[in-house]
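Participant: Structure of the sequence below:
(one chain, ligands or ions: 1)
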Amino acid sequence: MRYNNLSSYLKTRYGGKIGKICIDGGFSCPNRDGKCGTGGCIFCGERGSGEHIDGRKPIREQVEDALARSRSDGYIAYFQNFTNTYADASTLRSRYDEALYDARIVALAIGTRPDCIDEEIAELIASYRDRLDVWVELGLQSASDTTAELINRGYKTEVYLKAADILTRHGIPHVTHIIIGLPGEGRDEVLNTVEVINSTHPFGVKIHSLYVMKGTSLAEMYLKNLYTPPTLSEFVSLTADVIERIRPDTVIHRLTGDCPDGLLLAPEWNRDKNAVLAAIRQELEKRKTEQGKLYRPHS
Ligand code: SF4
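Facilitator: Numbering: from 1, shown residues only. Purely as a prediction, here's the structure:
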């Protein structure tokens with residue numbers, strides 16, 4: 001394998017098959033409820049980046065259903081929808097605890113916005129480390145503040161750097177999400193984003209391909225011809241460029257985006273995830289390259 005992929009990492013770490021339980025913890029998002037914005041990020045759907053999760057059920061029921069459906073040796077409880085540190089510490093604790101009732105859960109992963117990480121929340125999250133592995137997933141998408149405005153992200157990149165620092169000081173690994181294909185972004189912007197995230201020494205990176213989902217602001221832009229998604233070959237080439245520059249010790253948790261059936265407007269190639277992954281692997285083979293081959297420590 002030419003990159004550190006998550007399944008190999010999990011197999012080495014836990015010695016068996018590890019599944020993921022995606023959870024809607026019933027949180028909101030400050031970029032939707034008016035605290036820092038109302039429209040949300042332009043690509044985000046009604047379900048706050050977790051369209052496939054039935055968040056009407058209590059957290060424990062969501063976990064029970066997932067455990068009943070799966071045959072893995074262990075599980076990651078992943079709080080996915082919306083902003084999963086957007087509440088006071090006691091609310092956060094009770095919601096995380098509700099998910100962690102089963103001893104087969106070996107890790108807690110918490111998806112959030114960097115502006116919803118502070119010392120108190122980091123302390124709370126760190127307190128789980130004596131029970132299981134924990135990491136926090138930060139939705140950065142791009143290190144460009146110009147792009148951040150264009151996509152209505154609602155915070156500046158320095159906020160991400162601060163959140164990564166707080167987490168690191170509390171011994172909490174972070175996984176940074178980036179998106180390839182954002183409006184106004186080309187190769188330079190994407191490679192700059194990689195350099196910025198490398199400087200925070202992330203445990204993991206999730207690379208998403210930007211897809212246009214029905215009902216989003218991005219869909220409106222797309223339908224007015226104000227946004228054109230990258231072609232598959234552009235996406236594959238840029239993804240290979242990114243992999244070559246990611247720190248060799250960072251785990252790549254994801255290499256493309258998943259739009260729920262029936263909600264995808266574009267690009268068509270996004271429908272076939274296996275074909276996209278195969279094309280990325282072929283590109284890495286063709287280049288005879290691997291993760292970190294062009295990594296340079298941040299100056
Ligand atoms: S921060 Fe996350 S949940 Fe909030 S609008 Fe952006 S993508 Fe959606």
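Participant: The residue of the stretch 101-250 of the chain found nearest the ligand - how many residues pack around it?
Facilitator: Closest approach between the stretch 101-250 of the chain and the ligand, counting by CB to the nearest ligand atom: Arg113, at 4.8 Å. To be clear about C-beta, it is placed using only N, CA and C from the backbone, and glycine gets the same treatment. Neighbour count for Arg113, taken as other CB atoms under 10 Å: 25.
Participant: Pull the contacting residues for the residue nearest the centre of the chain.
Facilitator: Computing the C-alpha centroid of the chain and ranking residues by CA atoms, centre = their mean puts His177 first, at 3.9 Å. Listed by CB atoms under 8 Å, 6 or more residues apart in numbering, the contact partners of His177 are Glu137, Leu138, Gly139, Leu140, Gln141, Val205, Lys206, His208.
Participant: Extract the C-alpha set from the helix or strand harbouring it and format it as PDB.
Facilitator: Using DSSP states H and E, His177 sits within strand 174-180. Taking Å, rounded to 0.1, in the frame of the first residue of the first chain, the C-alpha atoms of strand 174-180 are listed here in PDB:
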ATOM      1  CA  HIS A 174      -6.700  15.200  15.800                       C
ATOM      2  CA  VAL A 175      -7.900  14.300  12.300                       C
ATOM      3  CA  THR A 176      -8.200  17.200   9.900                       C
ATOM      4  CA  HIS A 177     -10.800  17.200   7.100                       C
ATOM      5  CA  ILE A 178      -9.900  18.800   3.800                       C
ATOM      6  CA  ILE A 179     -11.900  19.100   0.600                       C
ATOM      7  CA  ILE A 180     -10.500  18.900  -3.000                       C
END
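Participant: So in that sheet, which strands flank it, and in what orientation?
Facilitator: Using DSSP bridges, strand 174-180 pairs in its sheet with strand 133-141 (parallel), strand 204-209 (parallel).
Participant: Just put these in a markdown table and tack on distance to the ligand and mean pLDDT.
Facilitator: Shown next, in a markdown table, are these (distance: least, CB to the nearest ligand atom, whole Å; pLDDT from 0 to 100):
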| stretch | distance to the ligand | mean pLDDT |
| --- | --- | --- |
| strand 133-141 | 5 | 98 |
| strand 204-209 | 11 | 98 |
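Participant: where do the strands sit along the stretch 51-200 of the chain?
Facilitator: 74-79, 105-112, 133-141, 174-180 (DSSP state E, counting those that start in this stretch).
Participant: can I assume Phe27 is in contact with Tyr96?
Facilitator: No - using CB atoms under 8 Å as the test, Phe27 is too far from Tyr96 to be in contact (11.4 Å).
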